[in-house]
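# This is the structure alone, sequence omitted:
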């Protein structure tokens, strides 16, 4: 395994860019191959079978790029596919759920944790399972928030409609007196300020994108796979999608530190 | 061509069921094979290339069911694929756009028509092209309403949030003094009452699902393809999807006259 190889990062679309952004911030020497499955997004309302099949295709594509590690930067795909695909691969692969769950379990003081995410992530019950495995006494309340992704993608990050919808979604969690809230979908950090204001200062928000970048860093160091930064050939960050919607590049440029100049389209179904 | 063969109807997911419902109402003797591309929905934000490729796969699947006619019950796929696929097929195929456009052109008194739809439908400019072709003096204003589909799928049909979002989307059209509004996405008839209230009584709402069923009826009669109702074998209405999300059956049962008992999943990528 070449330590100067890129890291593969994938998501159903644009949300996983919040994870790529954290990797760029915390490991500025690393190269990244990002794949967004824009032709088949969103994953959040699809079944486990379908999401697993899509994830396997994407992993086969990333392997053609000689990635040294893979990050499933999508909560739904982490929930539905990670456990299966990690058994099929030699290359290290991590999802966004374990790091977020671990941080939440460490952060809670009253043992009551809330998790928000897509229908797929919440109905899989994976955050609950992972957290109860780490600490059986913990009480976890999951709440799916299907409108957050379209609201974020419409750019309504600071808007009365997003406030109203968030207030409805969060009321159940407030009634459970949680003191820690996991943002279990990669889009949600973009409405973090709204969520924080509604939950109040006493509730700790956990961003799995941030925690996952820390976990990745530890993993690469442990295996001697950190990039030495010796000027490797090619672009540092490469972006691939399955559908060339203009939205991707615009959104990527709006949240990443540098402009995304080129996005390449590939036929993911052929992998 | 067997006149007792079924009609193929397809959509990116559930929206096209509003078209199937109109066909059931207007032609109760006809059999229907419905396909919803739930593994790859929505189409509205995807590119023409992708939507055309998906449509071709679905048409190949429907042809294996010996359909006598095909209805593209999706505005985005009608906008992006109909013109190309109708040249490739012997079987008659219609979309939802021409019938809606024709009705709007006939309905308008002041020559100012509004069209609302997905980003794909509106940015394709197809409604404008088709209507200007029918009547060059007409003034058409398109407005994409990307949040309507997720709001409808969340069941917020009568809700203050839907009101607020609709009021924002429609304000531009009100400023243009349109007297006719085309509901250019198959989900929108489900929020027809909200749209009607906001636009006011003086504005005629055109529902292409309804008009398309009328067009289909005329087409079948003209070609001697109407079902004679001689008890044909098998279920009258068959539903196929590419992803077995529970949402499909629940939604179908909520809007169709009879309960949808069975939905079959097929691997659409293999067609």
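Arrived safely. A quick note: this is a predicted structure, and the numbers were derived from the prediction, not measured.
# Let me know the secondary structure of residue A:45.
Of the three states, residue A:45 takes coil under DSSP: H, G, I helix; E, B strand; the rest coil.
# Next one: it relative to residue A:21, how far apart?
25 Å (CB to CB, to the nearest Å). Just so you know, the C-beta spots here come from the backbone N, C-alpha and C atoms, and that holds for glycine as well.
# Those two - which one has more neighbours?
residue A:45 (22 against 18; other CB atoms under 10 Å in any protein chain shown).
# Now do the same contact list for the more buried one.
The contact partners of residue A:45, taken as CB atoms under 8 Å, 6 or more residues apart in numbering or on different chains, are A:118, A:119, A:120, A:146, B:245, B:247.
# I'd like to know which of these are part of helices.
If you go by DSSP state H, the contacts of residue A:45 have A:119, A:120, B:247 in helices.
# what's the burial count for the last one?
I take that to be residue B:247. 17.
# From residue B:38, how far off is the closest residue to it other than its chain neighbours?
Spatial nearest neighbour of residue B:247, excluding adjacent residues (CB to CB, 6 or more residues apart in numbering or on different chains): residue A:45 at 6.6 Å. According to CB to CB, residue A:45 and residue B:38 sit 8 Å apart.
# Tally up the residues packed near the residue of the stretch 51-200 of chain A found nearest chain B, please.
Per CB to the nearest CB, residue A:150 is where the stretch 51-200 of chain A lies closest to chain B, at 4.2 Å. Residue A:150 has 21 neighbouring residues, counting by other CB under 10 Å.
# ditto for residue A:87
The burial count for residue A:87: 7, using other CB under 10 Å.
# secondary structure class for it?
helix.
# Which pLDDT value goes with it?
Note on residue A:87: pLDDT of 97.
# now swap in residue A:76 and tell me
93.
# isn't it right up against residue A:122?
No - using CB atoms under 8 Å, residue A:76 makes no contact with residue A:122, being 9.7 Å away.
# Quick check: closest non-adjacent residue to residue A:178.
Leaving aside its sequence neighbours, residue A:178 sits nearest to residue A:114 (CB to CB, 6+ apart; 4.0 Å).
# quick one: that neighbour from residue A:151, how far?
Residue A:114 is 19 Å from residue A:151, by CB to CB.
# higher neighbour count, these two?
residue A:114 (28 against 24).
# before we move on, what SS does that one have?
Under three-state DSSP, residue A:114 comes out as strand.
# How about it: which residues does it bridge to?
Counting by DSSP bridges, residue A:114 is bridged to residue A:141, residue A:181.
# OK, contacts around it?
Residue A:114 makes contact with A:140, A:141, A:142, A:143, A:173, A:176, A:178, A:180, A:181, A:182, according to CB under 8 Å, 6+ apart.
# Apart from its neighbours in sequence, what residue is nearest the third one?
What that stands for is residue A:142. residue A:122 (4.3 Å).
# can you give me the strands in the stretch 151-271 of chain A?
Under the criterion DSSP state E, counting those that start in this stretch, the stretch 151-271 of chain A contains strands at A:180-183, A:204-206, A:237-241, A:263-265.
# which other helices and strands contact the last one?
Using 3 or more CB pairs under 8 Å, 6 or more residues apart in numbering or on different chains; DSSP states H and E as the contact criterion, the neighbours of strand A:263-265 among helices and strands are strand A:237-241, helix A:246-255.
# Redo these as TSV? Include mean pLDDT.
Listed next are the helices and strands packed on strand A:263-265 as TSV, based on pLDDT from 0 to 100:
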stretch	mean pLDDT
strand A:237-241	95
helix A:246-255	86
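# Of those, which stretch is the most buried?
strand A:237-241 (a mean of 21; mean count of other CB atoms under 10 Å in any protein chain shown).
# So for residue A:76 and residue A:122, which sits in the more crowded spot?
Taking other CB under 10 Å, residue A:76 and residue A:122 do not tie; residue A:76 has more neighbours (31 against 25).
# At the contact with chain B, which residues of chain A appear?
With CB under 8 Å from any CB of the partner chain as the criterion, chain A comes near chain B at residues A:38-40, A:45-47, A:49-50, A:146-147, A:149-151, A:153-154, A:160-161, A:164-165, A:242-245, A:247, A:269.
# Among the residues you listed, name the buried ones.
Neighbour-count burial (16 or more other CB atoms under 10 Å in any protein chain shown) is assigned, among the residues of chain A next to chain B, to A:38-40, A:45-47, A:50, A:146-147, A:149-151, A:153, A:161, A:165, A:242-245, A:247.
# tell me, how many neighbours does residue A:3 end up with?
Neighbours of residue A:3 (other CB under 10 Å): 14.
# Could you verify my assumption that it touches residue A:226?
Yes - using CB under 8 Å, residue A:3 is in contact with residue A:226, at 6.3 Å.
# quick one, helices of the stretch 151-271 of chain A?
A:160-175, A:192-199, A:208-222, A:246-255 (DSSP state H, counting those that start in this stretch).
# Just name the most buried of these.
helix A:208-222 (a mean of 20).
# Past the helix or strand that contains residue A:122, which element shows up next along the chain?
Residue A:122 belongs to helix A:119-124 when assigned by DSSP states H and E. Downstream of helix A:119-124, the first helix or strand assigned by DSSP H and E is helix A:126-134.
# what residues are up against the closest residue to chain B within the stretch 151-271 of chain A?
Nearest residue of the stretch 151-271 of chain A to chain B, counting by CB to the nearest CB: residue A:243, 4.6 Å away. Taking CB under 8 Å, 6+ apart, we find residue A:243 in contact with A:38, A:39, A:265, B:46, B:47, B:49, B:50.
# any idea of the pLDDT on the residue nearest to it when sequence neighbours are not counted?
In space, and not counting its chain neighbours, residue A:243 is closest to residue A:39: 3.7 Å by CB to CB, 6+ apart. You'll see residue A:39 listed with a pLDDT of 93.
# What of residue A:234?
With respect to pLDDT, residue A:234 has a value of 67.
# The one 10 residues further on too?
Residue A:244 is assigned 79 on the pLDDT scale.
# Surely it is in contact with residue B:46?
No - using CB under 8 Å, residue A:244 makes no contact with residue B:46, being 9.3 Å away.
# follow-up on the earlier one: so is the residue nearest to residue A:243 in a helix, a strand, or just coil?
Looking at residue A:39 with three-state DSSP, the answer is coil.
# wait, doesn't residue A:123 sit right on residue A:143?
No - using CB under 8 Å, residue A:123 is not in contact with residue A:143, being 11.2 Å away.
# residues touching the nearest residue to residue A:132 once chain neighbours are set aside, list them.
Spatially, and ignoring its direct neighbours in sequence, residue A:132 is nearest to residue A:138 (6.1 Å; CB to CB, 6+ apart). Residue A:138 is in contact with A:105, A:108, A:111, A:112, A:113, A:131, A:132, counting by CB under 8 Å, 6+ apart.
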